[in-house]
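Undergrad: Based on what follows, work out the 3D shape:
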Amino acid sequence: MNTNQLVFASANPNKVKEVESKLGGAFPLLGLLDIGCHDELPETTGTIPGNAQQKASYVFNTYNVNCFADDTGLEIDALLGEPGVNSADYALANRNAEANMLLVLKKMQGIEQRTARFRTSICLFWNGEKHLFEGVVEGQILLAPAGSGGFGYDPIFQPLGFERTFAQMDMSEKNAISHRAKAIALLRDFILNRS
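TA: You can find the predicted model right below:
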């Protein structure tokens, strides 16, 4: 095993670059395509942390590299945690973010309790040992979309303590408080303490 390599279980080069920048250059980061992995990674556990572990386990066991995988979901209390692990394909419309958001708003019509959270789980395999990190941002679901930035459910999610949605924030502001940024900061601190 090459302990100087770290693989992020993503086939999206832009996502790999984004996460690499958040690691502060502490470690050169490879994506799935860099190690010749073109497989569809399994995500069948039914939970956000479970899917992160499943994907990271697959890459570690198949390619024998230090690696990590993430999974993220929006959990709405009034919908008993939905869309949760199914956030990306909640409306069953080929991962259509607009359809997902509209389905949430439809299900939330007439509901006063609008508390929700974004949760990111990261599973890291480091020198054969598994480590888990989690980032959570509490907030609420608005009655209608606001803002044109971000992606996914950002236009309807207003983080606690802010008067704007994620979609109304610029990327640097969102990244400073986001669930993914919190989880990646924990991952970065772990790696730096062991490098």
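Undergrad: need the helix or strand of this protein with the lowest average pLDDT.
TA: The least trusted helix or strand in the chain, going by mean pLDDT, DSSP states H and E, turns out to be helix 13-22, with a mean of 81.
Undergrad: Show me what counts as buried in that one.
TA: Buried residues in helix 13-22, counted by 16 or more other C-beta atoms under 10 Å: 16, 18-20, 22. C-beta coordinates here come from the backbone N, C-alpha and C atoms, glycine included.
Undergrad: What of stretch 76-93?
TA: 76, 79, 81-85, 87-88, 90-91.
Undergrad: hmm, who's touching the least confident helix or strand of the chain?
TA: Contact with helix 13-22 is made by 8, 10, 28-31, 33, 175, 181, 184-185, 188, as judged by C-beta atoms under 8 Å, 6 or more residues apart in numbering.
Undergrad: The spatially most central residue of the chain pairs with what?
TA: In the chain, the C-alpha nearest the mean C-alpha coordinate belongs to Thr72, at 3.4 Å (C-alpha atoms, centre = their mean). Beta-bridge partners recorded for Thr72 (DSSP bridges): Thr120.
Undergrad: Just the buried ones from the contacts of helix 13-22?
TA: The buried subset of these (16+ other C-beta under 10 Å) comprises 8, 10, 29-31, 181, 184, 188.
Undergrad: shaky segments in this protein?
TA: Applying pLDDT under 70 to the chain flags the ranges 1-4, 25-26, 93, 195.
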